[in-house]
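Enquirer: No letters, just coordinates:
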């Protein structure tokens, strides 16, 4: 059904399609290793959220232990939960307001391209 010239044409066509797909694939910029910036942002947001929750739960546990030892339930736990919330919000605000120095450099590099 196929002769050698048809097979050669199919191989050439397959090779041209492969080169075109490679050329159209997005290339990583600035050493990102192919990771998209959205993925980096999502990972940072999940980390901030989990740190916030862990801080509050850790402080609540510490307050619960102190209340059990000192028989002052629930006052120390309420104070430590409040300290956990304040510390967690302080951490979130600091992380969202203060940007790393290299992030600003990435934005400048993208505008040049």
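Expert: Happy to help now that I have it. Here the structure is a predicted model, which is why all the values come from computation and not from measurement.
Enquirer: C-alpha only now, for contacts and for neighbours.
Expert: OK.
Enquirer: where does the chain have its least confident helix or strand?
Expert: The least trusted helix or strand in the chain, going by mean pLDDT, DSSP states H and E, turns out to be helix 101-112, with a mean of 53.
Enquirer: Give the other helices and strands that the strand or helix carrying residue 14 contacts.
Expert: If you go by DSSP states H and E, residue 14 is part of helix 4-24. Counting contacts by 3 or more CA pairs under 8 Å, 6 or more residues apart in numbering; DSSP states H and E, helix 4-24 packs against no other helix or strand.
Enquirer: Burial check on residue 78, number of neighbours?
Expert: 16 (other CA atoms under 10 Å).
Enquirer: Contact partners for it?
Expert: If you count contacts by CA atoms under 8 Å, 6 or more residues apart in numbering, residue 78 has them with 60, 63.
Enquirer: and what of the one 5 residues further on?
Expert: When the contact criterion is CA under 8 Å, 6+ apart, the partners of residue 83 are residue 59.
Enquirer: which element is it on?
Expert: helix 75-97.
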